[in-house]
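Q: return atomic coordinates for the entry below.
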Amino acid sequence: MVEPADRPSTAGQRLGAPESFGVSTLEPGLRPPAQPPGRLVSIRVQMLDDTQEVFQISQRSPGKVLFDLVCVHLNLSEGDYFGLEYQDQRKMTVWLDLLKPTLKQIRRPKNTILRFVVKFFPPDHTQLMEELTRYLFALQIKRDLACGRLICNDTSAALMVSHIIQSEIGDFDETQSWQHLLHNKYLPDQDAIRDKITDCHRKHVGQTPAESDYQLLEIARRLEMYGVRLHPAKDREGTKLSLAVAHTGVLVFQGYTKINAFNWSKIRKLSFKRKRFLIKLRADPTQNAHHDTLEFAMASRDCCKIFWKICVEYHAFFRLFEEPKPKPKPILFTRGSSFRFSGRTQKQIIDYVKDSELKKVSFERKHSKILSSGSMSPQSSSFRSQVPRESAMSVPLADQPDSARLGHQAESNGSEEPPVVAHPTNGFHNVSAAPGSDPTQPRLNHHHGIDQQLLNPGSPASQDSPLGSPRVVVNGNASVNGQGVGGVLGPGQIPEGQQLSPLTSPLLTEAGYVRNEDEDEARRKKFPTDKAYFIAKELLTTERTYLKDLQVITESFPSAVGKDEAFPDSVKNMISASYDPVYIFHQGFLKETEQRLAQWEGRSNAHIKGDYQRIGDVLLKNIQGLRQLTVHLQKHSECLVELERACRSSRKAESLCRDVEQQRVCYLPLNIFLLRPLHRLLHYKLILERLCKHYPPTHDDFRDCRAALADISEMVLQLQGTMMKMENFQKLLELKKDLTGIDNLVTPGREFIRLGCLSKLSGKGLQQRMFFLFSDSLVYTSRGMTPSNQFKVHGQLPLFGMTIRESEEEWGVPHSFTLFGQRQSVVVAASCASEMERWVEDIRMAIDLAEQSISPNNDLLSTSLSDNKLSEDGGGDQESEEELGGSRSSLERQGHRGNTTVHVCWHRNTSVSMVDFSVAVENQLSGNLLRKFKNSNGWQKLWVVFTNFSLFFYKSHQDDYPLASLPLLGYSVTVPAESENIHKDYVFKLHFKSHVYYFRSESEYTFERWMEVIRSATCSASRSLPNTRKDLY
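A: Here you go, the predicted structure:
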């Protein structure tokens, strides 16, 4: 019946199973059911230890026969936790249906390999009674770690790998352990935490393989991504989400962060209709409300059906007492699906194992050099009580909830590491990233100081991500995300047990003044070095900028429109009533934050500890106060709509708003300032998440931070739909100002997706054109010669019925593709392969959106295409890169819209998506930086604000308007090479063509934050990877 794939052996010999068939997992106490007559077919199955076995089944056998054969071959009595998965002809991964004939599901058995894997993940691994079952679960965890599916922080990852190694090679031996880690890959970026793995491995002396499996599962079950298999979907607003199913119910993820959960007890019905997956919730008896139906759009009907089936099986397995009985066959016609769960439920498995007299089964651990003594009998004392608990330094670290969040660093959760003595170095040194490393999972390397990837929020976790990030070494000081793990023995005679203070704000010199190294050392402040201090300082600096932005709405705007009768009083009163209370509240918030930071820094009470070295209480108090302003925040979308309506109905009102935008304090489009209060909620949430990940649960500030995070998360969830609609509406309004020839751009249901440069192939060759992708149409333009530098429309391509095909070979043009519309076809070429991939992905997604709409879109253009047609070689480029990029002069030309995102993309031949705008909203930062030009010697102190893909430079935070700006699209951010002779700490370099700028930050934490947010602007976000807040559209 069973043949090994590569070598001769009898059934079960590979795992050392006894000669008998053992126990069938689906029919307790019986042999596998007899196979129906017919020709035998060979089916290849890959086991969890990566070996392959061949099983002979009848061509008419149901899937249950094959699954039984696999379980009998393994002598596995708890086999119902597992399943057989494979890729069907659509290249979709599906589970083998146990009730249907196997060969009706697997059309090409010779070319198909089924994988025996864990299907149902129980919440508590102590419910797994046999050692063999726990061993197979451990192999599944090992596989999920290696492929990057089980996301966790460094501490948990190192601890789990150390238990895997302990089960494979036994007690720690330095040479053997290092060699084993060199030749085996357990994590995508394993090299970065090799020291941490070996440190954990040292603590497992005397631990048996069975105990190692137990401890591995104990850590894994506490992780947020344990057993989670993500199924891509979108909500009604088009936000990219992922659905998953667990023992508790249906989960909703944004990226790798769980944002919602629907318990089985709250779900009335799960169904799908075409591409829509529907969750019908039970009515809340406390509220007189109707049944609530949640709708999610998936890629196809097949995707919906696959996810629906696994939901049905999870519900039955964990919630029912016994296998559901088949429905009686209808006489005339069928309605709905006849699919049902087949197999024992979890309760049946537990009862069966407890009631059965199972013998100890010896088995071979394929990767282990240690012989197993055999499984423990279920009748013996509880395995949980026999396995020693991890030391207090290991298990609690892994018990923290883990999730990978873009734009955030994976923390050590307050772990204490032994001191590391490292030699100081000057500046930074690039160390190549390990192949396949995960840019969202920074790892600690004790031998090489901080082996930290510079995060790229635009490129979330992927083993195959092409975006390599340089690693940095800061003064040779090993630290975890700004927390020192050891002292640096330098000439300064740092006392033992103390850390060298990072560079702080007093080192940021006045403009044009250069300090020597002696002055640098003399003026090092005894400011706090705790990472929490720098997170609190980021709260302070960004709050200052936020208050200045609010002043544009509460002071500059009212004074500009004044008592002019052309501007409706109703709109002025609405804006004043909605924004003034928010501004007054944040004035008090800023004052409290400044006072707390002054006390924390010890300016007047340097020796005070405890109560003043925290920020959570201030945040909790003010966020609870901010919740009282929710009614005002909800009015902000109405303010934006009414302001636009007033401008549309009155040219005088439009002129007044334009005058406001011409003021130097209004350094961004006016509508963006109206969105600032909602965006600020996101900033508070991200700051609190960083604090909660930094603090150990025992810290005095942890409770307040966690409570404040819960409150702000609730507010963000409540206002997120409004925020997304406002962002899209504001973007359409902004584009309307940049385009000429379009009257009805802002219409209900239209969503902006991407804008950027593509070359259009015409009779005169490739011509640079600006393309604008919406949810229902693709518009292409060229830069006009108007005084306002608007882009003139050449034409549009409705997306309804459009197809897309890559055509590089057909036309001989690199990175080209053809768009086939109902009226015309267009051949375009991107500047590089990555740009082409982004455009193709977004256009295909937009086509799906258009086809889901009720009817084809109406024309966007207000005039006929012939009226808008320009000569294909017209529209010359009259504005040079120097006009855009010079950070000294770009804000001196406020008379036209020459430095908007659209114009920057035109000059730098790149593109920006709505996803990028959403990432940029989250990645706003303010603070003092030292700036140095390429050929200058001195460092200039500036107050720098990063927002809207640009750096804005002020002399100090008290200035009302910026002196200059630097658009960052197209720029690269790196660490200076040694040959550049920048012998300073925490320096990063911005360069585009011949433009080079150096910036110096005050500490390691601020250095990493500036690198993180700037990378979000210089590297376009990929839709295939998750973002921090949402993957839009």
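
Q: quick one: low-confidence parts of the stretch 1-150 of the chain?
A: The stretch 1-150 of the chain contains residues with pLDDT under 70 at 1-34.

Q: if you set the cut-off to 90 instead, what comes out?
A: Residues of the stretch 1-150 of the chain meeting the criterion pLDDT under 90: 1-40, 49-50, 58-61, 73, 75-79, 87-92, 97-112, 123-131, 148.

Q: which parts of it are strands?
A: Using DSSP state E, counting those that start in this stretch, the strands of the stretch 1-150 of the chain run over residues 2-4, 40-46, 52-58, 82-87, 93-95, 113-118.

Q: so which of those gets nearest residue 640?
A: Minimum separation from residue 640 across these (C-beta to C-beta) falls at strand 93-95, 43.8 Å. Where C-beta positions appear, they are placed from N, C-alpha and C, glycine not excepted.

Q: now do the buried residues in the closest one.
A: Going by neighbour count (16 or more other C-beta atoms under 10 Å), the buried part of strand 93-95 is 94-95.

Q: how far does that strand sit from the chain's center?
A: Centroid separation for strand 93-95 versus its chain: 25 Å, with C-alpha atoms, centre = their mean, to the nearest Å.

Q: which among the strands of the stretch 1-150 of the chain is found nearest to residue 815?
A: Closest among those, using C-beta to C-beta: strand 82-87, at 29.7 Å.

Q: neighbouring contacts of the closest one?
A: 45, 63, 66-67, 70-71, 76, 93-96, 106, 112-120, 136 (C-beta atoms under 8 Å, 6 or more residues apart in numbering).

Q: let's see that with 10 Å instead.
A: Identification of contacts with strand 82-87 by C-beta atoms under 10 Å, 6 or more residues apart in numbering yields 25, 43, 45-46, 48, 63, 66-67, 70-71, 74, 76, 92-98, 102, 105-106, 109, 112-120, 133, 136-137, 140, 229, 310, 313, 343.

Q: cool, and stretch 954-961?
A: 510-511, 540-541, 544-545, 548, 551-552, 555-556, 663-667, 891, 926-928, 940-945, 952-953, 962-964.

Q: just the buried members of those residues?
A: 540-541, 544-545, 548, 552, 556, 663, 665-667, 891, 926-928, 940-945, 952-953, 962-964.

Q: these in helices, which ones?
A: 540-541, 544-545, 548 (DSSP state H).

Q: is it possible to get CSV of those residues that adds distance to residue 689 and pLDDT?
A: Formatted as CSV, those follow (distance: C-beta to C-beta, whole Å; pLDDT from 0 to 100):
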residue, distance to residue 689, pLDDT
540, 18, 94
541, 18, 94
544, 21, 93
545, 20, 93
548, 25, 93
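
Q: CSV for these, including distance to residue 851?
A: Compiled in CSV, these are given as follows (distance: C-beta to C-beta, whole Å):
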residue, distance to residue 851
540, 49
541, 46
544, 47
545, 43
548, 45
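
Q: could you chop the chain up by domain?
A: 40-119, 228-325+338-356, 531-736, 741-852, 924-1017 (the TED database).

Q: how about those domains in TSV, adding distance to residue 213?
A: Converted to TSV, these look like this (distance: least, C-beta to C-beta, whole Å):
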stretch	distance to residue 213
domain 40-119	12
domain 228-325+338-356	17
domain 531-736	27
domain 741-852	41
domain 924-1017	37
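
Q: of those, which is nearest residue 173?
A: Per C-beta to C-beta, nearest to residue 173 of the domains of the chain: domain 40-119, 23.7 Å.

Q: endpoint to endpoint, that closest one covers what distance?
A: End-to-end distance for domain 40-119, by C-alpha to C-alpha, to the nearest Å: 27 Å.

Q: elements contacting the one helix or strand residue 577 maps to?
A: Assigned by DSSP states H and E, residue 577 belongs to helix 569-601. Counting contacts by 3 or more C-beta pairs under 10 Å, 6 or more residues apart in numbering; DSSP states H and E, helix 569-601 packs against helix 531-551, helix 557-561, helix 616-627, helix 630-633, helix 636-649, helix 670-694.

Q: next one: the third one to chain centre, how far?
A: Okay, so that is helix 616-627. 27 Å.

Q: residue 926: what's it in contact with?
A: Applying C-beta under 10 Å, 6+ apart, the residues near residue 926 are 538, 540-546, 548, 943-947, 952, 954, 957.

Q: circling back to that earlier point, which members of the contacts of strand 82-87 are classed as buried?
A: By 16+ other C-beta under 10 Å, the contacts of strand 82-87 give 25, 43, 45-46, 48, 63, 66-67, 70-71, 74, 76, 94-98, 102, 105-106, 109, 114-120, 133, 136-137, 140, 229, 310, 313, 343 as buried.

Q: strands of the stretch 651-800 of the chain, residue ranges please.
A: With DSSP E, counting those that start in this stretch as the criterion, the stretch 651-800 of the chain has strands spanning 739-740, 752-762, 765-774, 777-783, 791-798.

Q: nearest to residue 209, of those strands?
A: Across those, closest to residue 209 is strand 752-762 (C-beta to C-beta), at 52.2 Å.

Q: who does the closest one pair up with?
A: Strand pairing for strand 752-762, using DSSP bridges, gives strand 765-774 (antiparallel), strand 825-829 (antiparallel), strand 911-913 (antiparallel).

Q: next, count neighbours for residue 348.
A: 17 (other C-beta atoms under 10 Å).

Q: which one of the strands of the stretch 651-800 of the chain lies closest to residue 983?
A: The nearest among those, by C-beta to C-beta, is strand 752-762 at 39.1 Å.

Q: just the buried positions in the closest one, please.
A: 752-761.

Q: what do you get for stretch 249-268?
A: Buried residues in stretch 249-268 (16+ other C-beta under 10 Å): 249-259, 262, 264, 267.

Q: next one: stretch 689-702
A: Neighbour count says stretch 689-702 has 689-695, 699, 701-702 buried, by 16+ other C-beta under 10 Å.

Q: same deal with stretch 200-209?
A: Result for stretch 200-209 [16+ other C-beta under 10 Å]: buried residues 200-201, 204, 207-209.

Q: related to what we said a few turns ago, now the strands of the stretch 1-150 of the chain as a markdown table including distance to residue 240?
A: Converted to a markdown table, those look like this (distance: least, C-beta to C-beta, whole Å):
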| stretch | distance to residue 240 |
| --- | --- |
| strand 2-4 | 44 |
| strand 40-46 | 31 |
| strand 52-58 | 36 |
| strand 82-87 | 24 |
| strand 93-95 | 20 |
| strand 113-118 | 26 |
